[in-house]
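A.B. asks: My questions are about this predicted structure, shown below with the sequence.
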Amino acid sequence: MSARINAVTGMNDILPIATKNNPVTTARWQAVEKILRQLMHQYGYCEIRLPIVENTPLFKRAIGEVTDIVEKEMYTFDDKGGHSLTLRPEGTAGCVRACLEHGLTYNQTQRLWYTGAMFRHERPQKGRYRQFHQFGVETFGMTGADIEAELILMTARLWQLLGLTDVVSLELNSLGEKESRQAYRAALIRYLEQHVEQLDDDSKRRLHTNPLRVLDSKDPKVQAVLVNAPQLFDYLDEESRTHQQKLTAVLDAAGVSYTLNPRLVRGLDYYNKTVFEWVTTALGSQGTVCAGGRYDGLVTQLGGQATPAVGFAIGLERLVLLIDTLQQDKISTETDIYLVADENAVSQALLVAETLRNTLTKYRILTHCGGGSFKSQMKKADKTGAIIALILGQDEIAQQTVTVKWLQKGEQVTLPQTELSDYLHSTLGASA
Ligand code: ATP
Ligand code: MG
C-alpha cells in the first residue's frame, strides 16, 4: 500500500458526521448558512462572489505592511508567469477591488455580503486555523452612524436567530479621524518608550511604525503596561464623539447592550471611527466571533474616489463551534423514504423514486443501490432512520403495486403504484 497523504495542517475537512477532530457537521454549517442567507435577504443585501487569489500588492496596501497578516500570515507564491499572488487572508480588500474594477461604488451606495474560505499561516488551535471561513458584509457610500447601527442590529438579530444572545457581548470603540489618531499616536509612543523593556519583540518593532497595534498585543506583560497607557478616547475629535453618540443612541433605543472598550483597535490598518467586536467567553481564548468597523480611507488607498465604507466579518468556524457547544441537539440528516427492490426491479425503483421527488419535494428519498438480500436491504433502511421503506419485490412487480412499510410503527400496506404519491401525500402530512 502506498503512504497516505493527509490534509494540510490547519486546513479542515467538514464532514457529514461528527468526529473528535471535526466536531461540527456539514448539516450544522448548512443550517447556519441558510439563516445567514435569509438574514441578508431580509435586510436587502446582495451577494458578491470574489476570487480566492488576488495580486499580492492588494493585501499589502489594504491591510498594511506592519500587521500580523502581512508580516507573517499570508500564503504568497509566484505563479508560473512569475506574478506574486496571495490566497486571500480576508474579504474586504478583494471586495473593494471588485467594486472599483466594476464601478459598483460610483455615485451609488452598496450593501454587499460574501462568504468563503480565507487563508492565514497561523499556529492552528481551537478556533484558529490556516484555512477558515468568513461571512462578511461590506457597505459603501454611507457616512453616518445609521448604517453602522444597521449592521450591529443585523448581527444582534443573527445571534437571536441562532440562540446565542446570552453568550455574546458587544464591544465598541471609536478610533477617531486621522488627526486625533495622530495626536494620540504621539502620546502613546511617549508613554511606551518609558516602558520599552517590558514590551515583547513585536511590540518593540511596532512602537514607531504602528504603535496602535501594540494595544492589540496578547502578551500579558505588554497588557500590564497598557493598563496605565493614555486612552484614545481622551484625544477623540468632536465629530467622532458625536458620531459615536448617535450610534449608541440607536443601540440604546433598540435595547442592544454594549461595552465601550478603549483598547479595541482591531488587527488591520484600515479602520477609522467606529470599530466593534462581538465576543464570547464560551470558546476559550479565540473569543471574537464577529469583528467590524468603518474604513473610509480604504477605497482611496486602493485607487478609487473617496468613498465611505463600513463592514464586518464573522469567523464561521468559531460561530458553528459556539452553536455546537451550546446545542447538543443533532440536526437531522436522516432519510425519510428508503426504496428496497428485488434485483430485477432496481430500475423500476429508481423511476418510482424520480416520480415521488416530483411531488414530495421536501422529503429525502434514497433508493437502495449495490444489491444484497431483501433482509440486508431492510436492515440498511432501518439504519438510515427512514420513516418509510417502499418495497418492490417480485409480487409487487407482477401486480404493479408497491408495499409501504412504516418502519417505526411496524405497519404495512400494499397499494397500486399509481396511488402511491397520493397516499404518501395524505399520510406524511401537508409539509410534503
Ligand atoms: P484574532 O484577533 O482572533 O486573530 P483577527 O483580528 O485577526 O482575529 P479579523 O481579521 O478581524 O480577525 O477576522 C474576522 C474574524 O475572522 C475574527 O473575528 C475571527 O472570528 C475570524 N478569524 C480570524 N482569523 C482566524 C483564523 N485563523 N481561524 C479561524 N477564524 C479566524
Ligand atoms: Mg489574527
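C.D. replies: Looks like it came in fine. Ligands and ions are numbered 1, 2, ... in the order given.

A.B. asks: Contacts only, for the closest residue to ligand 1 within the stretch 251-400 of the chain.
C.D. replies: The nearest approach of the stretch 251-400 of the chain to ligand 1 comes at Gly315, 2.1 Å away (CB to the nearest ligand atom). In this view, the C-beta of every residue, glycine as well, is placed from N, C-alpha and C. Neighbouring residues of Gly315 by CB atoms under 8 Å, 6 or more residues apart in numbering: 127, 132-134, 288-290.

A.B. asks: hmm, 6 Å instead?
C.D. replies: Gly315 makes contact with no residue under the criterion CB atoms under 6 Å, 6 or more residues apart in numbering.

A.B. asks: Could you pick out the residues of this structure near ligand 1 for me?
C.D. replies: Residues of the chain lying near ligand 1 by CB under 6 Å from any ligand atom: 90, 120, 122, 127-129, 132, 134, 267, 286, 288-289, 291, 313, 315, 317-318.

A.B. asks: Quick check on the residue of the stretch 251-400 of the chain closest to ligand 1: phi, psi?
C.D. replies: Backbone geometry at Gly315, expressed as degrees, to the nearest 10, gives phi -80, psi 110.

A.B. asks: Could you measure from it over to Arg88?
C.D. replies: Distance, Gly315 to Arg88, by CB to CB, to the nearest Å: 14 Å.

A.B. asks: same question, Gln194
C.D. replies: Distance check for Gln194 against Arg88: by CB to CB, it reads 39 Å.

A.B. asks: Name the residue in the two with the higher neighbour count.
C.D. replies: Remark: of Gln194 and Arg88, Arg88 carries more neighbours, 24 against 9, as counted by other CB atoms under 10 Å.

A.B. asks: Could you report the neighbour count for Ala117?
C.D. replies: A count of nearby residues for Ala117, using other CB under 10 Å, gives 14.

A.B. asks: same check, this time on the one 3 residues further on
C.D. replies: Each residue near Arg120 was counted by other CB under 10 Å, and the total is 20.

A.B. asks: Might you report the residue contacts of it?
C.D. replies: Arg120 makes contacts with 73, 89, as judged by CB under 6 Å, 6+ apart.

A.B. asks: can we see that at 10 Å?
C.D. replies: For Arg120, the residues meeting the contact criterion (CB atoms under 10 Å, 6 or more residues apart in numbering) are 10, 68-69, 72-75, 87-90, 128-132.

A.B. asks: How confident was the prediction at it?
C.D. replies: The per-residue pLDDT reported for Arg120 equals 98.

A.B. asks: Kindly report the same for Val320.
C.D. replies: With respect to pLDDT, Val320 scores 96.

A.B. asks: mind listing what's buried in the helix or strand where it lies?
C.D. replies: Here Val320, judged by DSSP states H and E, is contained in helix 316-326. Judged by neighbour count (16 or more other CB atoms under 10 Å), helix 316-326 contains these buried residues: 316-324.

A.B. asks: Show me where the stretch 201-350 of the chain has its strands.
C.D. replies: Ranges of strands in the stretch 201-350 of the chain, per DSSP state E, counting those that start in this stretch, are 258-260, 272-279, 288-294, 309-315, 337-341.

A.B. asks: Can I get those in a markdown table including distance to Thr26 and mean pLDDT?
C.D. replies: Formatted as a markdown table, those follow (distance: least, CB to CB, whole Å; pLDDT from 0 to 100):
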| stretch | distance to Thr26 | mean pLDDT |
| --- | --- | --- |
| strand 258-260 | 34 | 97 |
| strand 272-279 | 24 | 96 |
| strand 288-294 | 20 | 97 |
| strand 309-315 | 18 | 98 |
| strand 337-341 | 21 | 96 |
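
A.B. asks: Mind putting the ones you listed into CSV with distance to Leu350?
C.D. replies: Compiled in CSV, the strands of the stretch 201-350 of the chain are given as follows (distance: least, CB to CB, whole Å):
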stretch, distance to Leu350
strand 258-260, 57
strand 272-279, 48
strand 288-294, 45
strand 309-315, 41
strand 337-341, 8
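
A.B. asks: Just list whatever residues bridge to the residue of the stretch 251-400 of the chain closest to ligand 1.
C.D. replies: Gln134 (DSSP bridges).

A.B. asks: since we're on the residue in the stretch 1-150 of the chain that ligand 1 sits nearest to, how many residues are nearby?
C.D. replies: Using CB to the nearest ligand atom, Phe132 is the residue of the stretch 1-150 of the chain that sits closest to ligand 1, at 3.4 Å. By the criterion of other CB under 10 Å, Phe132 has 21 neighbours.

A.B. asks: Show me the shaky parts of this structure.
C.D. replies: Applying pLDDT under 70 to the chain flags the ranges 267-269, 328-331, 429-432.

A.B. asks: Show me it divided up by domain.
C.D. replies: For the chain, automatic domain parsing gives the domain ranges 26-177+237-326, 337-431.

A.B. asks: Pick the most buried one from the ones you listed.
C.D. replies: domain 26-177+237-326 (a mean of 18; mean count of other CB atoms under 10 Å).

A.B. asks: Now do the end-to-end distance for it.
C.D. replies: End-to-end distance for domain 26-177+237-326, by CA to CA, to the nearest Å: 17 Å.

A.B. asks: gap between the residue lying closest to Phe276 once chain neighbours are set aside and Thr209?
C.D. replies: Distances taken as CB to CB, 6 or more residues apart in numbering put Leu172 closest to Phe276, at 5.0 Å, once the chain neighbours are dropped. Leu172 sits 27 Å away from Thr209 when distances are taken as CB to CB.

A.B. asks: Verify the contact between Met118 and Gly91 for me.
C.D. replies: Yes. The pair Met118 and Gly91 qualifies as a contact (CB atoms under 10 Å) at a distance of 6.9 Å.

A.B. asks: Need the overlap of contacts for these two.
C.D. replies: 134, 136, 313.

A.B. asks: check contacts around the residue nearest to the last one when sequence neighbours are not counted.
C.D. replies: In this structure, Ala313 finds its nearest non-sequential neighbour in Gly136, 4.0 Å apart by CB to CB, 6+ apart. For Gly136, the contact set (CB under 10 Å, 6+ apart) comprises 48, 50, 90-92, 94-95, 112-116, 118, 290-292, 311-314.
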